[in-house]
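Visitor: Can you look at this prediction? I've put the sequence above it.
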Amino acid sequence: MERRAVNQEIVLAGQGLEYNWAKDHIFVKTPYGLSDGRVTVIEDTLKPGFLLPRHYHKSMIEIFYVLEGEIEFQFD
């Protein structure tokens with residue numbers, strides 16, 4: 001088994017590559033190169049009224065960890 005050096009980086013709250021849209025504000029915590037594109041972690045602040053149309057991902061899984069407030073999900 002080949003062992004590779006692991007890049008380590010600490011990205012604090014409110015830091016990282018930032019995208020600020022009308023109803024959503026995110027910071028990317030794990031740049032693509034950090035995990036060879038296998039994992040992406042984002043800090044996401046959903047603004048009041050945010051609505052993401054129903055969708056699905058063929059090759060990825062989304063995991064949510066809610067720190068504050070409430071969110072409603074619909075699953076098939």
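Guide: Noted; the coordinates are in hand.
Visitor: How about the spatially most central residue of the chain: what's its closest non-neighbour residue?
Guide: For the chain, Ile42 is the residue whose C-alpha lies nearest the centre (CA atoms, centre = their mean; 2.7 Å). Closest residue to Ile42 apart from its sequence neighbours, by CB to CB, 6 or more residues apart in numbering: Ile26 at 4.8 Å. Every residue, glycine included, has its C-beta placed from N, CA and C.
Visitor: how much space between Glu68 and Asp44?
Guide: Per CB to CB, to the nearest Å, Glu68 is found 12 Å from Asp44.
Visitor: likewise Ile61?
Guide: Distance of Ile61 to Asp44, given as CB to CB: 16 Å.
Visitor: And for Glu9?
Guide: From Glu9 to Asp44 the distance is 19 Å (CB to CB).
Visitor: neighbour-wise, which of the two wins?
Guide: Asp44 (13 against 9; other CB atoms under 10 Å).
Visitor: which SS state does Gly33 fall under?
Guide: Using DSSP: H, G, I helix; E, B strand; the rest coil, the structure places Gly33 in helix.
Visitor: Oh, that last question was meant for Glu43, not what I typed.
Guide: Glu43 ends up strand, using three-state DSSP.
Visitor: Give me the neighbour count for it.
Guide: For Glu43, the count of nearby residues is 17 (other CB under 10 Å).
Visitor: That one contacts Gly14, correct?
Guide: Yes: the pair Glu43 / Gly14 is scored as a contact, 7.5 Å apart, by CB atoms under 8 Å.
Visitor: list residues touching both of these two?
Guide: Counting by CB atoms under 8 Å, 6 or more residues apart in numbering, the contacts common to Glu43 and Gly14 are Phe27.
Visitor: give me the number of residues near the closest residue to Val11 other than its chain neighbours?
Guide: With CB to CB, 6+ apart as the criterion, Val11 has its nearest non-adjacent residue at 4.7 Å, and that residue is Lys29. Neighbours of Lys29 under the rule other CB under 10 Å: 19.
Visitor: Roughly how far does Lys29 sit from Arg3?
Guide: 24 Å.
Visitor: and if you look at Gln15?
Guide: Distance from Gln15 to Arg3, by CB to CB: 30 Å.
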